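> quick one, what's the 3D model for this:
(chains A, B and C)
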Amino acid sequence: MDYKTLGLDPDQEKAATYPGSALVVAGPGAGKTRVLLARVLWLLDQGVPPEKIFLLTFTLRTRAELRNRIKTLGSPDPRIETFHALAYSLLAEASDQPPRLLSEEESLAFFKRLLKKDKSRLSPKRLLEFRGRERPEYQAFFQEYERYLEATHSYDYYRLLAVFKGKRGTFKDYHLLIDEYQDLSPEIIEFLKFFKGATFFLVGDPAQAIYGFRRADPQKLKPHLQTLSPDLKILFLSKSYRVPSRILEIAERWREDPFEIRHNLAASVEGGWVEGYAFSSEQSEAVGLAKEVSRLVGGTTLEKGQVRSYAPGDLLVLARLRQLLKPLKEAFLKEGLPLAEPEEEAQSRLQEIQKRLEGGLSRPRLTEDLQKIWPEASQFLDLEEEKEILLARLKLLRAPDLLKVSREGVNLLTIHGAKGLEAPVVILAGAEEGLLPFNLLPDSDLSEEKRLLYVALTRAKEGVVWSWAKRRFLFGRPLPGRVSRWLASLPFREPKRPRPKPAQQGLF
DNA sequence: GTGTATGATTTTTTT
DNA sequence: AATCATACAC
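Numbers count the residues shown, from 1 in each chain, chains lettered A, B, ... in the order given. Modelled structure (predicted):
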């Protein structure tokens, strides 16, 4: 099928058909997925065989989405993989038997034993965070861990990529298409160097890099990526088809541009609305937003006089910290609103899958059980695959792969959880100093916090409600009680506190 | 083993 | 503020 049937705009077409290695800056709603698909079609059109096209994603969810869309277009399948799954299958192809993969829980269990023996105060989780970093004081632990991995021919998530370090294959005439490059960790970039000679096509948005704590550093990203291909051409998609102008204007003020190229995203949709509220406390914020949500769901009048009523599932309620969602949830329930917590649901589903798999099931039972717990499993995994390989792939499964936003309930999420999603209305709670930017703990990264705000605002297709509380306690200490520095220039309303009901004057 | 006091920790977590 | 791990007494 011809890529032209996708109806690309000039920027998108220029990117999709760029003959060499390219890095495409694709802002929110600018057509990132469309460009990736078009690139695949264009390459096939140019006579590149499908097995020489690698489409790489972070999550199985994105992988499944892309694969479905390619199927719908009726084109032959390129190789679509997650980074870690690709590394695993390259290793499996090169060895006699499928390598053993350690889940995070298994790594932690090993560290726990190690630390106990050593009577160390360090927590296993903390230790695992230091994996692959220069920490001489923990060298001994990691050496023992490495010895264990080597002896048992096992790989954890880190080693899976690290074994490719310094190795170079020959991949001339290959094309690597990479999704969400802004979140590439140094280890993945190092892994990608294995594909020497390939043409790289990277799509993503540095302004949406929010995984700095996983060592994805947008400041160092550009030079790093340029080592993949020295003549990497930087291209832009300049139009957002999602975020309307009024919202985009605000978001763009705070767009962090680590590539230092002045470039602003233009909205293709005029309008949109933004409403701010200042509440007196966390409690009144929760109650106030519950009322606001009721109003939006019940039917509301827009400026032009027409009535727009939203389904509960049209709303994303976002907060910087998970614990901020709790009071919101309670107030929403009291208001009788249907709600959903997609991150919690995904997490518990993942645990259920992991628990069932621990018990060493027979091959037929494995498929059967899996489909029972996870009906969509066949869209994500090849259930016919050899047992060991299927198990390894299941160990690569993470909660975000199972994330599903609700259509029936108001979706309560962290900003991180909302990445990649969109909805008619975004409700951002806790937009105050201390929380946005979140700086109550050391090592807070102001730029990353700014990008989190950018991500939150740019999920919205029609409107944004944002709010802050003048009084809130966190970690047992009061927050400053000021509006977020990044939203301070916007107007906000201060709903009058509902007067406490007058005491009853006595019945008699 | 179990109750209780103490102290440390507290974020986000695509593999 | 609330939770969780650890230590100690019983």
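
> surely A:Tyr148 touches A:Arg113?
No - judged on CB atoms under 8 Å, A:Tyr148 makes no contact with A:Arg113 at a distance of 10.1 Å. Just so you know, the C-beta spots here come from the backbone N, C-alpha and C atoms, and that holds for glycine as well.

> mind checking pLDDT for A:Leu350?
Reading off the confidence values, A:Leu350 has pLDDT 89.

> downstream of whichever helix or strand it is part of, the next helix or strand is which one?
Taking DSSP states H and E as the definition, A:Leu350 sits inside helix A:342-358. Taking DSSP H and E as the definition, the helix or strand that follows helix A:342-358 towards the C-terminus is helix A:363-373.

> Three-state assignment for A:Leu235, please.
Reducing the assignment at A:Leu235 to three states with DSSP: H, G, I helix; E, B strand; the rest coil gives strand.

> how many other residues sit next to it?
Neighbour count for A:Leu235, taken as other CB atoms under 10 Å: 20.

> how much space between it and A:Ala456?
Distance of A:Leu235 to A:Ala456, given as CB to CB, to the nearest Å: 26 Å.

> report the central residue of chain A.
In chain A, the C-alpha closest to the average C-alpha coordinate belongs to A:Lys419, at a distance of 4.3 Å (CA atoms, centre = their mean).

> contacts only, for that one.
The contact partners of A:Lys419, taken as CB atoms under 8 Å, 6 or more residues apart in numbering, are A:Gln208, A:Ile210, A:Val455.

> what bridges to the nearest residue to A:Leu86 once chain neighbours are set aside?
The shortest distance from A:Leu86 to any residue other than its chain neighbours is 6.4 Å, reached at A:Leu56 (CB to CB, 6 or more residues apart in numbering). Per DSSP bridges, residues listed as beta-bridge partners of A:Leu56: A:Glu81, A:Ile178.

> so who does A:Leu127 touch?
Listed by CB under 8 Å, 6+ apart, the contact set of A:Leu127 reads A:Phe111, A:Leu115, A:Tyr138, A:Phe141.

> residue contacts, the residue of the stretch 101-250 of chain A found nearest DNA strand C?
Nearest to DNA strand C, among the residues of the stretch 101-250 of chain A, is A:Ser123, at 7.5 Å (CB to the nearest atom of the strand). The neighbours of A:Ser123, taking CB under 8 Å, 6+ apart as the test, are A:Leu115.

> next, work out how far apart it and A:Glu129 are.
In this structure, A:Ser123 lies at 9 Å from A:Glu129, with CB to CB as the measure.

> overlap in contacts of the two?
What both A:Ser123 and A:Glu129 touch, as defined by CB under 8 Å, 6+ apart, is an empty set.

> so which residues on the stretch 301-450 of chain A come close to DNA strand C?
For the stretch 301-450 of chain A, no residue is in contact with DNA strand C (CB under 7 Å from any atom of the strand).

> ranges for the strands of the stretch 301-450 of chain A?
Chain-ordered strands for the stretch 301-450 of chain A, with DSSP state E, counting those that start in this stretch as the definition, fall at A:307-308, A:315-319, A:339-340, A:410-414, A:423-428.

> which residues does the second one contact?
Meaning strand A:315-319. Looking at what lies outside strand A:315-319 - CB under 8 Å, 6+ apart - the contacts are A:289, A:293, A:296-297, A:325, A:328, A:405, A:410-415, A:418, A:421, A:423-430, A:435, A:456, A:459.

> and the pLDDT for A:Phe508?
Residue-level pLDDT assigned to A:Phe508 equals 51.

> I'd say A:Leu115 and A:Leu128 touch.
No - between A:Leu115 and A:Leu128 there is no contact under CB under 8 Å: 10.9 Å.

> quick one: contacts for whatever residue of chain A ends up closest to DNA strand B?
Across chain A, the shortest distance to DNA strand B (CB to the nearest atom of the strand) belongs to A:Arg398, at 1.9 Å. Applying CB under 8 Å, 6+ apart to A:Arg398 gives the contacts A:Thr59, A:Leu350.

> count of neighbours near the residue of the stretch 201-350 of chain A found nearest DNA strand C?
Of the stretch 201-350 of chain A, the residue with the smallest distance to DNA strand C, taken as CB to the nearest atom of the strand, is A:Gln323 at 8.7 Å. Using other CB under 10 Å as the criterion, A:Gln323 is surrounded by 11 other residues.

> one more: A:Phe213?
For A:Phe213, the neighbour count with other CB under 10 Å is 10.

> kindly confirm my reading that it forms part of a helix.
Yes - secondary structure assignment places A:Phe213 in a helix (three-state DSSP).

> ok so, going back, and the helix holding A:Leu350, which residues are buried?
By neighbour count on 16 or more other CB atoms under 10 Å, the buried set for helix A:342-358 is A:Pro342, A:Glu343, A:Glu344, A:Ala346, A:Gln347, A:Arg349, A:Leu350, A:Ile353, A:Arg356, A:Leu357.

> for the closest residue in space to the last one that isn't next to it in sequence, give me its contacts.
Translated: A:Leu357. Among residues not flanking A:Leu357 along the chain, A:Leu394 sits closest, at 6.1 Å (CB to CB, 6+ apart). With contact set as CB under 8 Å, 6+ apart, A:Leu394 has these partners: A:Ile353, A:Leu357, A:Leu370, A:Leu381.

> neighbours of the closest residue to the first one other than its chain neighbours, how many?
By the measure of CB to CB, 6+ apart, the closest residue to A:Ile353 outside its immediate chain neighbours is A:Ile373, 5.5 Å from it. For A:Ile373, the tally of surrounding residues (other CB under 10 Å) stands at 14.

> how near is A:Ile373 to A:Pro223?
Here A:Ile373 is placed at a distance of 44 Å from A:Pro223 (CB to CB).

> kindly list the longest strand within chain A.
Ranked by residue count under DSSP state E, the longest strand found in chain A is strand A:460-469.

> which neighbours does that strand have in its sheet, and in what orientation?
Partners of strand A:460-469 in the sheet, by DSSP bridges, are strand A:273-279 (parallel), strand A:423-428 (parallel).

> now tabulate the ones you listed in a markdown table and tack on mean neighbour count and mean pLDDT.
As requested, the strands paired with strand A:460-469 are exported to a markdown table (neighbours: other CB atoms under 10 Å; pLDDT from 0 to 100):
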| stretch | mean neighbour count | mean pLDDT |
| --- | --- | --- |
| strand A:273-279 | 19 | 96 |
| strand A:423-428 | 24 | 97 |
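
> show me what contacts A:Leu402?
By CB under 8 Å, 6+ apart, A:Leu402 lies in contact with A:Arg61, A:Glu345, A:Ala346, A:Arg349, A:Leu350, A:Trp374.

> what do you get if the cut-off is 6 Å, keeping everything else the same?
Contact criterion CB atoms under 6 Å, 6 or more residues apart in numbering gives A:Ala346, A:Arg349, A:Leu350 as the residues in contact with A:Leu402.

> quick one: the residue nearest to the second one when sequence neighbours are not counted from A:Gln351, how far?
Leaving out its chain neighbours, the residue that sits closest to A:Arg349 by CB to CB, 6+ apart is A:Leu402, at 4.9 Å. Here the criterion is CB to CB. By it, A:Leu402 lies 10 Å from A:Gln351.

> same question for A:Ser229.
From A:Ser229 across to A:Gln351, the span is 41 Å (CB to CB).

> on that earlier part again, the residue nearest to A:Leu86 is in contact with A:Ile178, isn't it?
Yes - taking CB atoms under 6 Å as the definition, A:Leu56 is a contact partner of A:Ile178 at 5.0 Å.

> what sits closest to A:Leu60 if chain neighbours are left out?
Leaving out its chain neighbours, A:Leu60 is closest to A:Asp401 (CB to CB, 6+ apart), at 4.3 Å.

> give me the pLDDT value at that neighbour.
In the prediction, the pLDDT value recorded for A:Asp401 is 92.

> wait, it touches A:Thr59, no?
Yes - using CB under 6 Å as the test, A:Asp401 is close enough to A:Thr59 to be in contact (5.4 Å).
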